[in-house]
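Undergrad: Predicted model and sequence follow; I will ask about them next.
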Amino acid sequence: MDPLGGVSPVMELLRRQMSENLEKLRRAGGRSASARAFPQVSEQPVPATLRQSLGVRIKALDATDPQYQQRATALFVESVLGAEFGEPAINDPEFRMVVRDVAATMSADPAVANDLALLFAELSERDG
């Protein structure tokens, strides 16, 4: 089973939240450098390299850490946004704030948080 294949609702929430955050940035400062750094979100499938790198990063976390779900969610958001928007977004000073806000929004939804917990468990169990 492809653990990222079943998270399209999560990806859609992430894309929607990211779009909302970008719109807020654009309204707050006109067309700021931050807003220009992020291209339009596309409807692309999750690349295999993203699955692999996310799996490695999730496995590196301590599953007994009380903040595991929060840290894993932030890694998920950071990985997906990094893959989606590239180096300019990752290097943007407001990127961490966007990652934090999107991760918090996703964690606040019990269904999404449950889907993410299942994803993280699957990624942690995968070989390679």
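TA: Received it, and whenever you're ready, just let me know what you need.

Undergrad: Helices along the protein, start to end?
TA: 8-28, 33-37, 48-60, 68-85, 87-90, 95-108, 110-125 (DSSP state H).

Undergrad: Can you tell me which of the ones you listed is packed in deepest?
TA: Stretch with highest mean neighbour count among these: helix 68-85 (a mean of 20; mean count of other C-beta atoms under 10 Å). Placement of C-beta: from N, CA and C, glycine included.

Undergrad: quick one on the thing from earlier: lowest-confidence stretch among the helices of the chain?
TA: Per-stretch mean pLDDT for the helices of the chain is lowest at helix 33-37 (a mean of 43).

Undergrad: For residue 116, give its distance to residue 82.
TA: Per C-beta to C-beta, to the nearest Å, residue 116 is found 17 Å from residue 82.

Undergrad: And for residue 69?
TA: Relative to residue 82, residue 69 is positioned 20 Å away (C-beta to C-beta).

Undergrad: And residue 102, by the same measure?
TA: For residue 102 relative to residue 82 (C-beta to C-beta), the value is 12 Å.

Undergrad: Same check on residue 49?
TA: Taking C-beta to C-beta, one finds residue 49 at 11 Å from residue 82.

Undergrad: for residue 108, same thing?
TA: Distance, residue 108 to residue 82, by C-beta to C-beta: 22 Å.

Undergrad: Which residues does stretch 72-81 contact?
TA: Residues outside stretch 72-81 that contact it (C-beta atoms under 8 Å, 6 or more residues apart in numbering) are 11, 14, 18, 46, 50, 53-54, 57-58, 61, 89-90, 95, 98-100, 102-103, 106-107, 113, 116, 119-120.

Undergrad: how about a cut-off of 7 Å?
TA: In this structure, residues lying in contact with stretch 72-81 by C-beta atoms under 7 Å, 6 or more residues apart in numbering are 14, 18, 50, 53-54, 57-58, 61, 89, 99-100, 102-103, 106-107, 116, 120.

Undergrad: Once you drop chain neighbours, what's closest to residue 62?
TA: Nearest residue to residue 62, sequence neighbours excluded (C-beta to C-beta, 6 or more residues apart in numbering): residue 68, at 6.7 Å.

Undergrad: pretty sure that neighbour contacts residue 58?
TA: No. With contact defined as C-beta atoms under 7 Å, residue 68 does not reach residue 58; the gap is 9.4 Å.
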